[in-house]
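>>> Model the structure of this input:
(one chain, ligands or ions: 2)
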Amino acid sequence: ENGRRGQGQDRHGKNGAPVIVPVPSGTRVFDADSGRLLADLMTPGQRLVLAKGGRGGKGNAHFTSSRMRSPRFCQPGEPGRERRIHLELQILADVGLMGAPNAGKTTLLKALTASKARVGAFPFTTLTPQLGVMGPEADREPLILAEIPGLITGAHLGKGLGHQFLRHLTRTRLLIQVIDLSFVDPAAPLAPLAMLEEEMRNFDPSLLDKPRLVALNKIDALAAEYPLEAVVQEYEKKWRVFAVSAMTGAGLSPLRQAIWEVFCKVGESM
Ligand SMILES: Nc1nc2c(ncn2[C@@H]2O[C@H](COP(=O)(O)OP(=O)(O)OP(=O)(O)O)[C@@H](O)[C@H]2O)c(=O)[nH]1
Ligand SMILES: [Mg+2]
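Residues are numbered from 1 along each chain as shown. Ligands and ions are numbered 1, 2, ... in the order given. This next block holds a predicted model:
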């Protein structure tokens, strides 16, 4: 706000009132004109002054002297600074859950945490990132898990909903890739994972360097003749893989254990 001008009768002008904009932790503040990163607000309660309000003008009393007992002028208020800023939220979560639409990410999030997020029998039920907290357990600090909306081919170009949400994975320390086994063709078992990797590579290749776990989901829904063993073996060549049913809970405890282990290790190396 602009400062007000000084007043008569010994009164100073009012300073411009501050405009306080509350933002969630994880908000990055950019100067909209230069694109420069001004701050990364990571800590709750952190404050940043972006534009000072105008100082109020001095009142007539300030200008009195032996010659001028009652000056008829005062100082004008200063204008507040104007500035255009751009705010971007990058969620602060420990674990990112990613996968194609309808893969069962929300169901898994709810099975691992106390999240109340909505599950739907159709793609793109989740439209914004969903959070859940796992633990605390024994001497382990709780972990924050975040589901990002489903990714489809071209997500990095803005197809579907993926693009604007991939950035939320950048600050996670572990990725869980959720894959719906009913879309895994045993003849080309790694194809769904390759799609996710392609989107990660195109968005930010450093995402590929993060530790990750693969959850092959919906084992409860497989036909009796489905070659689950063979599919799991293909994944195991490169990844730590868990065949699970987010719905029935089958296979979830080894996955949960593996998540904790990753954080013990990450913690030690820091
Ligand atoms: N049979 C079976 N169905 C599952 C399992 N996990 C999830 N589903 C079903 O799959 C559908 C999609 O589940 P969600 O958890 O909403 O999937 P999502 O990946 O979060 O989907 P979007 O948010 O839309 O991308 C729902 O009908 C779930 O009930 C599972 O382990 N077994
Ligand atoms: Mg979902």
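>>> Quick one: name the residues of the stretch 51-200 of the chain near ligand 2.
Residues of the stretch 51-200 of the chain found near ligand 2 (Cβ under 5 Å from the ion) are 105-106, 125-126. Where you see a C-beta, it was placed from the backbone N, CA and C, and this is true even at glycine.
>>> which of those residues has the most neighbours?
Among those, residue 105 has the most neighbours (other Cβ atoms under 10 Å), with 32 neighbours.
>>> There's contact between that residue and residue 97 in this structure, I believe.
Yes - if you go by Cβ atoms under 8 Å, residue 105 and residue 97 touch, sitting 4.8 Å apart.
>>> Can you check which residues contact both of these two?
Jointly contacting residue 105 and residue 97 under the rule Cβ atoms under 8 Å, 6 or more residues apart in numbering are 147, 178.
>>> rewinding a little: out of the residues of the stretch 51-200 of the chain next to ligand 2, which two sit at the greatest distance?
Spatial extent of those (Cβ to Cβ) is set by the pair 105 and 125 at 9.4 Å.
>>> Up against ligand 1, what does the chain have?
Within the chain, the positions near ligand 1 by Cβ under 6 Å from any ligand atom are 99, 101-107, 119-121, 123-126, 149-150, 217-218, 220-221, 245-247.
>>> do that again at 8 Å, thanks
For the chain, the residues in contact with ligand 1 (Cβ under 8 Å from any ligand atom) are 99-110, 117-127, 147, 149-150, 178, 180, 217-221, 244-248.
>>> Looking at these, which are in helices?
105-110 (DSSP state H).
>>> okay if I get these as CSV plus pLDDT?
Formatted as CSV, those follow (pLDDT from 0 to 100):
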residue, pLDDT
105, 96
106, 95
107, 96
108, 97
109, 96
110, 96
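>>> which one of those residues is nearest ligand 2?
Closest to ligand 2 out of these is residue 106 (3.3 Å), distances taken as Cβ to the ion.
>>> isn't that closest one right up against residue 147?
Yes - counting by Cβ under 8 Å, residue 106 touches residue 147, with 5.9 Å between them.
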